[in-house]
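**Student:** coords please:
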Amino acid sequence: MVRQVMAVVNKHETKEEKAIRQEAIKSIKDGPKINKKPPTSLDRVGKAEYRRLIALLADSVSALDENILATYCATYSAIVACQKAIKSDGTILDGGKINPAVKQMDALTKTLRSLANDLGLTPQARLKMAWNNAKQEDNSDPFKALVKS
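**Tutor:** All right, here's what the predicted structure looks like:
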């Protein structure tokens, strides 16, 4: 469910402009398919997450999205490693210092949230996509406004 490609149109478009915009969107959507096999650079946890997401996003992602998806999975794997370190060592280490894994996990979580947003994996991103789709459908049919009146 990667964010759908669409131009932000705030003006009346001619038929020719609409056709050009639709063709541009179609050329991006119909790009090369993403490799369903996880990249070798990912560890076991990252590969499992990659497979899970590919199963969910198969129709929504293309080869152009592969790097961002792999980065998301690597970040997810690093967060899992931080969670394990925090669980085994605690949040406060001997001597009263905060476990470095806590700070690392905080930074990784922010990165993961940003990547998830880019891939359309958050509720807010999905809502925004649905909203944009609804707006685009409303803009495409000039007679809808007459029927609603």
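
**Student:** so what's residue 131 scoring on pLDDT?
**Tutor:** If you check residue 131, the pLDDT there is 72.

**Student:** what helix or strand does it sit in?
**Tutor:** According to DSSP states H and E, residue 131 maps onto helix 123-140.

**Student:** Same check on residue 79?
**Tutor:** For residue 79, the element it lies in under DSSP H and E is helix 66-89.

**Student:** Look up how far residue 110 lies from the residue lying farthest from the centre of the chain.
**Tutor:** Going by CA atoms, centre = their mean, the residue of the chain most distant from its centre is residue 95, 40.4 Å out. From residue 95 across to residue 110, the span is 27 Å (CB to CB, to the nearest Å). Every C-beta, even on glycine, is put in place using the N, C-alpha and C of the backbone.

**Student:** Find the centremost residue of the protein, please.
**Tutor:** Most central in the chain (CA atoms, centre = their mean) works out to residue 119, at 0.8 Å.

**Student:** Quick check: that one touching residue 69?
**Tutor:** Yes. Applying CB atoms under 8 Å as the test, residue 119 and residue 69 come out as touching, 6.6 Å apart.

**Student:** Determine the number of other residues adjacent to residue 86.
**Tutor:** By other CB atoms under 10 Å, the residues close to residue 86 number 16.

**Student:** residue ranges with poor pLDDT in this structure?
**Tutor:** Within the chain, the segments meeting pLDDT under 70 span 1-12, 24-30, 129, 132-149.

**Student:** and residue 61, how many residues sit next to it?
**Tutor:** For residue 61, the neighbour count with other CB under 10 Å is 21.

**Student:** In the sheet, which residues pair with the closest residue to residue 31 other than its chain neighbours? Tell me.
**Tutor:** Spatially, and ignoring its direct neighbours in sequence, residue 31 is nearest to residue 62 (4.3 Å; CB to CB, 6 or more residues apart in numbering). Applying DSSP bridges to residue 62 gives these bridge partners: residue 33.

**Student:** Am I right that residue 62 is in contact with residue 34?
**Tutor:** Yes. In terms of CB under 8 Å, residue 62 counts as a neighbour of residue 34; the distance is 5.8 Å.

**Student:** Between these two, tell me which one has more neighbours.
**Tutor:** Neighbours were tallied for residue 62 and for residue 34 using other CB under 10 Å; the higher tally belongs to residue 34 (18 against 15).
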